[in-house]
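Colleague: My questions are about this predicted structure, shown below with the sequence.
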Amino acid sequence: MDYTQPMILETIILAAGRGTRMFSSRPKVLHELSKKPMLGYVLDAAEKLDSDHIHVVYGHGGEQVKDKFSSHSINWVHQSEQKGTGHAVAQAMPSVNDNAVVLILYGDVPLIRPATLSPLVQLAARKKLALLTIELDEPASLGRVIRDHQNNIVAITEFKDATQSEREIREINTGVMAVQASDLRQWLTQIDDNNVQKEFYLTDIVKLAVNDGVPVISIQAETELEITGVNSKLELGKLERMHQNQTALELMKRGLTISDPSRFDLRGQLEFGEDCYVDVNTLIEGDCQLGKNVHIGPNCIIKHSKISDNTHIEAFSLIEDSVIGAGCHVGPYARLRPGSELKEGSRIGNFVEIKNSTIGKNSKANHLSYVGDAQVGNDVNMGAGMITCNYDGANKHQTIIGDNVHVGSDCQLVAPVEIDDGATIGAGTTVYKNAPKDELTINKKEQYVLKGWKRPQKNK
């Protein structure tokens, strides 16, 4: 290899497995970890390493996999028969540059980190076979790393082919490796399926490298989390919780107070200021931001939203694609649907739903209301049971409420309609015409008593 030339990195991701133990028609690599397909994590890692080309070897349900990642720049390689990892890698080699370093990853090992992979790539660029290994207290049925008396790696033995003494070895092969493409191409033509499983093992290239005098170097993974693969929904569930616990601990190290890390879920990215608190069973999804001193109560769901300083979110509230200003109070049991914006100091109480609306400064809807497609001014009080009638069965219409408006309980505002500044809407009023400034608007109603009326009785 000419070391004066920029290194070419090509990543091969093996993703052809059917995943029979998942008991699903969905390809295994499309099963989600924290709301993201497992293969998506591996592609992200490869892209962060600036791979010049990414080759994904697919098989079962391949069209679903290709459709899901159609926005990525990928060379898709079909493996019609699954004959082992060596056979899978060989399918991609015709498209690989002979001068490249090849990094081999797995679509069902989602949490591998670029920081772990980078040293492997650098070693391979210096004409070495670089393996990612780890020592486990319970290695189970994973392949064992065989070393000589000088502690040099001389082979990897699959568990089913290992002797009893080899099975007692605690250092295991993760399957992740980096190697010169020209060497890999040559070695793949020399491996065979003379083993218990009658498969072409990629790991057999280790012996061939030793025979050719190519140094075989290992790097130890820092945590078991990043090399854990998934073969069943039970394993997927365990990895999900491991991942969430690790995420919670990292956020807490950065200063976020989480009441119970084992009951916290982040499915995206979270930025936060100082003195924020998250109570139990909270789910945060997508890109979310918390200002300073934000309090999120138990059993809340926050999606793709921004919450500003000193705002309090009470229990069982759902907030989605919304922006909440400073000093607001939301919930309990409130729902902010996409397009909702709360200005500073506003209050949204229990069983209130806001959708595609702006609520002005210090305005409040404390209970049992629906506000949709509305522009609400400052210092507005919306009484219990008030709703905006924004949908006529075909189209949505807007309600505009000015500043310092008081809307009584059980009112219906039939859009399109405007309530001018300072107007008061009497309880039980249906507003279908614009309400004038500083005036009381009320539907005329008469109350009467029907003398002698008897309440209906159930038949005995």
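Modeller: That came in fine, so what should we check first? Residues are numbered from 1 along each chain as shown.
Colleague: show me the contacts for the residue nearest to the spatial centre of the chain.
Modeller: Residue closest to the average C-alpha location in the chain (C-alpha atoms, centre = their mean): Arg267, at 3.4 Å. Residues counted as contacts of Arg267 (C-beta atoms under 8 Å, 6 or more residues apart in numbering) are Ser34, Lys35, Lys36, Leu283, Ile284, Glu285, Gly286. Every C-beta, even on glycine, is put in place using the N, C-alpha and C of the backbone.
Colleague: sec struct for the fifth one, please.
Modeller: Spelled out, that is Ile284. strand (DSSP: H, G, I helix; E, B strand; the rest coil).
Colleague: Quick check: beta-bridge partners of it?
Modeller: Legend: beta-bridge partners of Ile284 under DSSP bridges are Leu266, Ile302.
Colleague: Quick check, it in contact with Glu271.
Modeller: No: in this structure, Ile284 is not within contact of Glu271 by C-beta atoms under 8 Å, at 10.8 Å.
Colleague: These two: who's more crowded?
Modeller: Applying other C-beta atoms under 10 Å to Ile284 and Glu271 shows that Ile284 carries more neighbours, namely 25 against 11.
Colleague: if I look at the more buried one, how far off is Ala334?
Modeller: When C-beta to C-beta, to the nearest Å is applied, the distance between Ile284 and Ala334 equals 17 Å.
Colleague: Just the buried subset of the contacts of Arg267, please.
Modeller: Ser34, Ile284, Glu285, Gly286 (16 or more other C-beta atoms under 10 Å).
Colleague: Now do the same contact list for the last one.
Modeller: I take that to be Gly286. Applying C-beta under 8 Å, 6+ apart, we find Gly286 in contact with Arg267, Gly268, Gln269, Lys303, His304.
Colleague: okay, the third one: pLDDT?
Modeller: What it means is Gln269. On the pLDDT scale, Gln269 is placed at 96.
Colleague: And for it, the neighbour number?
Modeller: For Gln269, the tally of surrounding residues (other C-beta under 10 Å) stands at 11.
Colleague: Pretty sure it sits against Glu285.
Modeller: No: in terms of C-beta under 8 Å, Gln269 does not count as a neighbour of Glu285; the distance is 9.9 Å.
Colleague: Quick one: the strands in the stretch 101-250 of the chain, in order.
Modeller: 101-106, 129-135, 144-147, 153-157, 171-180, 216-220 (DSSP state E, counting those that start in this stretch).
Colleague: So which elements touch the third one?
Modeller: So the one you mean is strand 144-147. Of the remaining helices and strands, those touching strand 144-147 by 3 or more C-beta pairs under 8 Å, 6 or more residues apart in numbering; DSSP states H and E are strand 153-157, helix 164-167, strand 171-180.
Colleague: Show me what that strand is in contact with.
Modeller: Applying C-beta under 8 Å, 6+ apart, the contact partners of strand 144-147 are 131, 133, 153-157, 159, 162, 166-167, 169, 171-173, 218.
Colleague: before we move on, what about the longest one?
Modeller: By C-beta under 8 Å, 6+ apart, the surrounding residues in contact with strand 171-180 are 1, 85, 100-106, 109, 112, 117, 120-121, 123-124, 127, 129-136, 139, 142-145, 147, 156, 202-203, 205, 209, 218, 221, 227.
Colleague: Any quick PyMOL command for the buried ones out of those residues?
Modeller: Typed into PyMOL, the line below selects the buried ones among the contacts of strand 171-180, using 16+ other C-beta under 10 Å:
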select buried, resi 1+85+100+101+102+103+104+105+106+109+112+117+120+121+123+124+129+130+131+132+133+134+139+142+143+144+145+156+202+203+205+209+218+221+227
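Colleague: For this protein, which residues score under the pLDDT cut-off?
Modeller: Screening the chain residue by residue with the criterion pLDDT under 70, one finds the ranges 1-5.
Colleague: Please, where are all the helices along it?
Modeller: Read by DSSP state H, the chain holds these helices, from start to end of the chain: 38-48, 62-68, 85-92, 114-125, 164-167, 181-188, 205-211, 233-253.
Colleague: Next, format those helices as a markdown table and append distance to Glu344.
Modeller: Listed next are the helices of the chain as a markdown table, based on distance: least, C-beta to C-beta, whole Å:
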| stretch | distance to Glu344 |
| --- | --- |
| helix 38-48 | 37 |
| helix 62-68 | 41 |
| helix 85-92 | 56 |
| helix 114-125 | 41 |
| helix 164-167 | 65 |
| helix 181-188 | 59 |
| helix 205-211 | 63 |
| helix 233-253 | 27 |
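Colleague: can you tell which of those helices is closest to Gly393?
Modeller: Between Gly393 and the helices of the chain, the shortest gap by C-beta to C-beta is with helix 62-68, which sits at 35.4 Å.
Colleague: and that closest one, what other elements does it pack with?
Modeller: Partner elements for helix 62-68 (3+ C-beta pairs under 8 Å, 6+ apart): strand 53-58, strand 75-78.
Colleague: strand partners of the first one, parallel vs antiparallel please.
Modeller: Strand 53-58 has its sheet partners listed here by DSSP bridges as strand 9-15 (parallel), strand 75-78 (parallel).
Colleague: residues making contact with the shortest one?
Modeller: Among residues not part of strand 75-78, those counted as contacts by C-beta under 8 Å, 6+ apart are His53, Ile54, His55, Val56, Val57, Tyr58, Gly59, Gly62, Lys66, Gln91, Ala92, Ser95.
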